[in-house]
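Peer 1: quick one, structure for this:
(chains A, B and C)
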Amino acid sequence: MALATFFVGLLTLALIYGVLTLGLHVQFGLAGMLNFGHVAFFAVGAFTSALLSLPPKGSEAYLAAGGQYQLGYGLPVPLAFLAAGLAGGLVALLIGSTSVRLGSHYLAVATFAMAEILRSVLTNETWLTRGQFGISGVPQPLRSNPIPAELYPFAYLAATVVVVALLLAVSVRLTSSPFGRALRAVREDETAARALGKPAPGLKLRAFALGGVLAGFAGSLWTHSLGIVHVGQFVPIITFQVWLALLLGGRGNPIGAVVGALVLMAITESTRFLGNIPFLEPLTRRNPSFVPSLRFVVVGLLLILVVRYFPRGLLPERLRRPPADEPAPGRQP
Amino acid sequence: MKRIVMLLLALVSGLVMAQGTISIGLLLPFTGQYDWVGANVQPVAQMIADDANASGGIGGAQIRLLQGDTEGTVDAGFTAAQKLINADGVVALIGPTSLSLAGSQQLIVDAKVPMVSPTAGTTALDSFNTQYVFRTVPSDSLGGRAVARAATDAQFLGRDSAFKKVVLMVANAPAMVSFQAPIEKSMTDFGTPLLDSFQFTPDKPSYRTEVQQALALDPDLIVLVATPEDSARVMQAAFQAGYEGTWFVTQDQTTSDYIALATPQLVDGIYGLEEVAAPESAGLYDAFAAQLKAFDGKEPQIFGTNTYDAMNVVLLAMVRAARDGGEITRATVAANIRPVTDAGEGKVVVHEYMAGKAALLAGKEIDYQGLVGPIDFDAFGNITAPFAIKRVVDGAWQTVAIVPAAALE
Amino acid sequence: MTAFLQTLIFGLGTGAVISVGAVGLSLSYGVTRFINFSYGELLTLGAYLAFVAVSLGLSLPVASLLAMVVVGLIGVVLARLLFDPILHRGFLSLLVTSVGLAFVLQNAVRMIFGSSPTRFPLPPLRPWRIGALIVPKVPVLVIVIAALAMACVHLLLRYTRMGKMMRATSDDAALAKASGIVTGRVLATTWFLSAAIAALGGVLLGMTQIALQPVMGWGFLLVVFAAVLLGGIGNPYGAMLGALIVGLGIEFGAAYLAPDYGHAFAFLLLVLVLLLRPKGLLRGSF
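Peer 2: You can find the predicted model right below:
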């Protein structure tokens, strides 16, 4: 049972990162935009969902939760979830509109810079976020009544799977829709696409916003799974982890995005068990950080190797051939 | 495929453990910017576990320490806790820190795992849980009050007069911010409101601006709550800017390591706060320091004494649970923590593991009193401690006065 | 007025530390065209190796030079091994490889040196006093060293054959190859120089920060990126300018606006500059 809870907990987190990666896939895999500030949308989604659903200041539930935060609106969680997506999309629109015209590497660092600015603001505006204390008691729907606390992780996983499946279905549809094709055209050759009448900046901006929406949803799923929201979560390494997941799974394929997140979690969490190997124990006595550091060395090496030998990721993009190449039935070649 | 590997590893480690071992999890950062926390805690915990194992283990089983690297992030705190609690089946936790608490607190409470944190001073734990959460570090609210008490009362300073112009600088990090409100309030309570009190961003390469802000009001004392590295930088910057007043630092800096880090020249005469047991425990600390030196080759670092008490509490609770053939489980460990630490009629007072074990197995009840204080947990697992006010004299920390818990009313 | 001058000195000092790292990054980017996330770890290595050399009895200047050479060599070996074989693969592969390498390097340092902070071997220095002005010594030292290093880089690029080849390769790699400039050697030299300069940057960072931690280079990398991008990626002179602006921005922003926001000012500046000049101040080529 405990082992099942272990896998369930990790799987839920991996799926949440899968949604994050899906968002990045729309932005980079489809539209070719280098977004290195993805964690900002994750943060916005999480705080939006938490603050909208937390019991209002002064209410009974607020006091029962030992509340010390300022904002809370007591909205039902599903509503907060949708609002989180909206917020993520709006912030992405804002950030995107300033940078969508930038060349790729500039876009990368500009988005990174803006995410860091956002994090600074969230950390310092403690009236909103309680800064380094974080906010606990974020509502977790149906927990304890009727679903008992021991079974809650399983129920939450089920809900997450449903949400992810829906988002994935939408993304797959998107990829093969005219919008998706236009985006890929822009990614491959912006000038040509422009010549064919596809307005590149507008398309890219929409893709960017959509990616933000997905990240916002991920933030909502995350905060309600843990019951807390804390600004310390939204650090740059999270953005890098999502990029790693995207690369592992294959950049052009939405299913690959989710698979990549699962694979990355499998790599980072299985290496934790290095610490259980008995013969490494003497080394731990000399330097307590030895095995934990070794774990990251192993992770780093695995990343380097995977990139070297699986450059396209595990699930390649499947490009549809243009109609002119397919011979019509019955026609002699 | 990878999941299968994970499953196999988990099963293997489970098998290894099934042969008469009891696991205690160290849920702490071992990598990332707080890597030194885990590095300070582990040797002390290992030293005591070794003692226990050398004398036959507990209830016939050997004690094993398992690391759960929280990496200093929320998500890693969550996954590390998952591994320790649900995959490794640990019976108790040492840790977590104030930050990784966010990711792991729900898991800990759900799984009813007793946790004894030697590091988390955050006021967020002051009234969090009554059954499974304990800590052998006083809440920052107490520490902050002690600083204020000492700064405003010459008898605790070893000086002619108290400080009149005091500025407070607090790093904006989970482990530090808890100090700000208690110090502000206490300074006002004790009659010398702070001239200025502000937070600053940790891990900056230079603190010139912050120091400028502090020096603008010409203080005679700056209270500084930050990591050792940041503290060294702040003091350096103030030194370079010509500051002539003195400093009051908190537990993390009241170590010999800090004197070396900031250089003796910079820290001569500064004040520091430290938890301490009754005055007669000075001998106990020396014994602990000597034992650790022999074990690890180093002086006790920050959280060393807190870890000593945390481990002893956990192990003695296990001894009591296992006596008369009882089982060592999460529930029994949690239930036995207060019985071995609460004061009471006819209880034998002990200060370390072997004496405690002997008394318990002889059928007596014990009251563990530690290096950090009498270790009596209130309803929420908090402790009070007298505090020592220390000062750097001739390149080493010396105790100037003890602030008893009563003086903090 | 004195406050302004002091802020200026500190801004220049901060800018100087950043500039050394930024120039190194710019040099390597000019020739390889990808953002190398393992670059910060070369700073960390430089600082730790200098520390080791000093513990073995060498003076700090000699130790620093030794660290520069050793890290330079390490840089070439790693690049040859990991980056050169996949240079044609494209941006994302190189980026992820560099992140993997960063994990390996930072944690290797942690495995060897442990997690407890180590003190950089520099004695504390009281400031100079010129009238009412307090001039701290460390930023001035850093400025002087950085300026010397920049001068050397400039001389190298302008007047040596290798420097000219590096510039040509940065401008147009295909053309450079076609005209017989041996790009393989240029690549190796670029890696060496970039890494060696990074090591110097690490030493300067150690002087400024005093405490050495395995995570020091990684934390500083982001600000270095900001400087490089601001000045125009691929252009070392742009990097110097960018670093100066970022350094001044951080100090002035912290002094006159809000001290809490530290590095955020660097990023704010970067965003503003990119809005106005999307390719950075000095564009890409040199």
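Peer 1: near chain A, which residues of the stretch 101-250 of chain C?
Peer 2: Within reach of chain A by CB under 8 Å from any CB of the partner chain, the stretch 101-250 of chain C has these residues: C:101-104, C:106-108, C:110-111, C:114-115, C:222, C:225-226, C:229, C:233. The C-beta positions use only the backbone N, C-alpha and C, and glycine is treated the same way.
Peer 1: let's see 6 Å
Peer 2: Counting by CB under 6 Å from any CB of the partner chain, the residues of the stretch 101-250 of chain C close to chain A are C:Phe103, C:Val104, C:Asn107, C:Arg110, C:Met111, C:Gly114, C:Ser115, C:Phe225, C:Leu229, C:Ile233.
Peer 1: and the pLDDT at the last one?
Peer 2: Taken from the predicted model, the pLDDT recorded for C:Ile233 is 73.
Peer 1: you'd agree B:Leu65 is in a strand?
Peer 2: Yes - under the criterion used here (DSSP: H, G, I helix; E, B strand; the rest coil), B:Leu65 sits inside a strand.
Peer 1: thinking again about what came up before, what's the closest of the residues of the stretch 101-250 of chain C next to chain A to chain B?
Peer 2: The shortest approach to chain B among these belongs to C:Ser115, at 3.5 Å (CB to the nearest CB).
Peer 1: is it true that that closest one touches A:Pro288?
Peer 2: No - applying CB atoms under 6 Å, one finds C:Ser115 not in contact with A:Pro288, separated by 7.4 Å.
Peer 1: who's more crowded, these two?
Peer 2: When neighbours are counted by other CB atoms under 10 Å in any protein chain shown, A:Pro288 comes out ahead of the other of C:Ser115 and A:Pro288, with 30 against 27.
Peer 1: buried sites along the longest helix that chain C contains?
Peer 2: For chain C, the helix with the greatest residue count under DSSP state H is helix C:2-32. Judged by neighbour count using 16 or more other CB atoms under 10 Å in any protein chain shown, the buried positions of helix C:2-32 are C:6-7, C:9-32.
Peer 1: the least confident helix or strand in chain B by mean pLDDT: what's the following helix or strand?
Peer 2: Of the helices and strands making up chain B, the lowest-confidence element is helix B:2-18, at a mean of 57, by mean pLDDT, DSSP states H and E. Going down the chain from helix B:2-18, the next helix or strand is strand B:21-28, by DSSP states H and E.
Peer 1: who in the stretch 101-250 of chain A is up against chain B?
Peer 2: Proximity of the stretch 101-250 of chain A to chain B is confined to A:Gln132, A:Phe133, A:Gly134, A:Ala149, A:Gly227, A:Ile228, A:His230, A:Gly232, A:Gln233 under the rule CB under 6 Å from any CB.
Peer 1: for the residues you listed, give me CSV that also has secondary structure.
Peer 2: Shown next, in CSV, are these (three-state DSSP):
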residue, secondary structure
A:Gln132, helix
A:Phe133, helix
A:Gly134, coil
A:Ala149, helix
A:Gly227, coil
A:Ile228, strand
A:His230, coil
A:Gly232, helix
A:Gln233, helix
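Peer 1: got a quick PyMOL command for the buried subset of those residues?
Peer 2: Applying 16+ other CB under 10 Å to those, the buried members can be selected in PyMOL as follows:
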select buried, chain A and resi 132+133+134+227+228+230+232+233
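Peer 1: which one of the residues of the stretch 101-250 of chain A next to chain B is nearest to chain C?
Peer 2: Here the nearest of those to chain C, counting by CB to the nearest CB, is A:Gln132; it sits at 12.2 Å.
Peer 1: could I get the buried residue list for stretch B:359-372?
Peer 2: Residues of stretch B:359-372 classed as buried: B:Ala359, B:Leu360, B:Ile366, B:Asp367, B:Tyr368, B:Gln369, B:Gly370, B:Leu371, B:Val372 (neighbour count, 16+ other CB under 10 Å).
Peer 1: ends of it, how far apart?
Peer 2: Its start and end residues considered, stretch B:359-372 measures 21 Å (CA to CA, to the nearest Å).
Peer 1: report the distance from it to the chain centre.
Peer 2: Its chain's C-alpha centre and that of stretch B:359-372 lie 21 Å apart, by CA atoms, centre = their mean, to the nearest Å.
Peer 1: now it: mean pLDDT?
Peer 2: Computed over stretch B:359-372, the average pLDDT equals 92.
Peer 1: so where do the strands sit in the stretch 51-200 of chain C?
Peer 2: For the stretch 51-200 of chain C, the strands defined by DSSP state E, counting those that start in this stretch cover C:118-119, C:128-130, C:133-135.
Peer 1: give the pairing partners of the shortest one; include direction for each.
Peer 2: Under the criterion DSSP bridges, strand C:118-119 sits next to strand C:211-212 (antiparallel) in its sheet.
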